[in-house]
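Engineer: Here's my sequence, what's the structure:
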Amino acid sequence: MSAHIDIGQDAGRHTVAIDLEELLATRLLVQGNSGSGKSHLLRRLLEECAGQVQQVVIDPEGDFVTLADAFDHVVIDGAAYSPREIEELAARVRQHRASVVLTLDELEVEQQIRCAALFLTALFDAPREHWYPALVVVDEAQMFAPAAAGEMSDDTRRLTLSAMTNLMCRGRKRGLAGIVATQRLAKLAKNVAAEASNFLMGRTFLDIDMQRAADLLGMDRRQAERIRDLQRGQFLGLGPAISRRPVAVNVGPVRTGGRSGGAGLLPLPDADGDAMEALLTDRLSEAASDPVVRRPVPPPRPALDLEQALRTVATLPPAAPREAEPEAVAVPSQPKSLPAPTPSTPAASIEDIVRDLAASDGATFRPATSLFRDFAIRCRQQGVASAQIDLARFRHLFACEIGGLSRLTGATRSRVEAMISGVDDDVLAPYVAMVIAEVLGDPMPDEEELARLYGSSSPSRIRRLLDHLERSGLIVIREEFGGDRIIMVPGIPDPDEKTKAA
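Structural biologist: From the prediction side, this is the model:
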């Protein structure tokens, strides 16, 4: 099925349409300076295809919440939910194919970026049975995929760049079609912009932005001057979903309006200088003594970083377990209503919970973030305080557990812990297993066991792992004439212990 949506007219007053099915497969980049009509264009596109495809709008300024007045969009206030609830909402959005607007205007800039990144990542990580087609519109995309680090933390930048790159580079196979809008192409990460095959370029004045826009449209430097002369609401379009050659588009009217301030002129108040001064200074000292409230204060919420988002689950009241399924996680029907704690929660420790996770089927093949979420949920269910355990600490504990460190006790364990303290967490589990085998005199783990510990099914990756450990000086590998391989671990607590063949 092919559906075409009308976005406006060209210079000859012919309709310019976008092939919606092609757009879902090829993505769209919109660029234009502030006031060029980007939001108007996005609103026109969303209105025209409303009801034909699921829509997810990342709205940092709250401009698109009015879509809910005319269509069936659900407005999600990012400031009203915890990070874990945002992830759960995103999962339900994919499951129920709901068209939503995630409004972030009540959050600070870095919190907006983190909230959007968590939401987009949860959309991307939805199970395969929920990979329905959806348009994902990200306004002010230069905030969420910056070309330079700027003032945000490195952790925030990695988180948001990963989310935006997944959306634009890998989202198509999951049904997600990214539509990103930016004020300046030079501020948008190139690997995000490069994945779009359709372009709508609005007015811009800086040479670097005009040149990048002209390159994307296949125009020479002389033709690039046209971009400076575009009027508000005029765009140059190109791409398989729009036109095979650059076409000028005058965007059509919309049925809903934004909440931003009007750009037109209004009459000034009819008051002379003395009356205006009186309005400004009347009871000024009393007003200044009150706390400044610039906007309605949302409910208290935790900081929106990834580790805190996952640790939040551990501090929430535990859900009552079912009798038939004591390990099941009860999902509340409303994101903010949680069951009261149960006094019969069995006593447990962090080590016990990590041990149970390590013993579960396929644990080493699961992503660390998924394991950490499971760990936090189990801690909450069993009443174990885990706020001091962040993602990095959990990865270390988990790797030590599956590597067999718990088999050692006393001074020997302490010396082994000191020995492995500087090893990277992603190779720690196989290395710990080899150290434990060396200490206890057991046979070295074979390639199949190393692959399980490493979370891989590729023999070549295990060979590269062993090469990496040898280059790092953590192990020594000797090849015998008969083809057997001898692995030795230097610096173990008991140097007299014999090394076993892998």
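
Engineer: all strands of the stretch 1-150 of the chain, in order?
Structural biologist: Assignment of strands within the stretch 1-150 of the chain using DSSP state E, counting those that start in this stretch yields the ranges 4-9, 15-19, 28-31, 54-59, 74-77, 100-103, 134-138.

Engineer: Contacts only, for the residue found closest to residue 197 once you drop the neighbours it is linked to in the chain.
Structural biologist: Excluding its sequence neighbours, the residue lying closest to residue 197 (CB to CB, 6 or more residues apart in numbering) is residue 26, at 3.8 Å. C-beta coordinates here come from the backbone N, C-alpha and C atoms, glycine included. Residues near residue 26 by CB atoms under 8 Å, 6 or more residues apart in numbering: 177, 196, 197, 198, 239, 240, 241.

Engineer: same thing but 6 Å
Structural biologist: When contacts are counted by CB atoms under 6 Å, 6 or more residues apart in numbering, residue 26 is found next to 197, 198, 240, 241.

Engineer: Most neighbours out of these, which is it?
Structural biologist: Neighbour tally across the contacts of residue 26 (other CB atoms under 10 Å): the maximum, 23 neighbours, falls on residue 241.

Engineer: correct me, but that one touches residue 24?
Structural biologist: No. Residue 241 lies out of contact with residue 24 (CB atoms under 6 Å); the separation is 8.6 Å.

Engineer: how much space between residue 83 and residue 217?
Structural biologist: 39 Å (CB to CB, to the nearest Å).

Engineer: the more surrounded of these two?
Structural biologist: Neighbour totals were compared for residue 83 and residue 217, and residue 83 leads with 26 against 20 (other CB under 10 Å).

Engineer: Residue 180 falls within a strand, correct?
Structural biologist: Yes. Residue state for residue 180 (DSSP: H, G, I helix; E, B strand; the rest coil) corresponds to a strand.

Engineer: check contacts around the residue lying closest to it once chain neighbours are set aside.
Structural biologist: Nearest residue to residue 180, sequence neighbours excluded (CB to CB, 6+ apart): residue 141, at 3.8 Å. For residue 141, the contacting residues are 180, 181, 182, 188, by CB under 6 Å, 6+ apart.

Engineer: again, only using 8 Å
Structural biologist: Contacts for residue 141 (CB under 8 Å, 6+ apart) come out as 164, 180, 181, 182, 188, 192.

Engineer: re the thing from before, a markdown table for the strands of the stretch 1-150 of the chain, including distance to residue 445 and mean neighbour count?
Structural biologist: Shown next, in a markdown table, are the strands of the stretch 1-150 of the chain (distance: least, CB to CB, whole Å; neighbours: other CB atoms under 10 Å):
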| stretch | distance to residue 445 | mean neighbour count |
| --- | --- | --- |
| strand 4-9 | 58 | 17 |
| strand 15-19 | 54 | 18 |
| strand 28-31 | 49 | 26 |
| strand 54-59 | 45 | 25 |
| strand 74-77 | 47 | 18 |
| strand 100-103 | 46 | 24 |
| strand 134-138 | 43 | 24 |
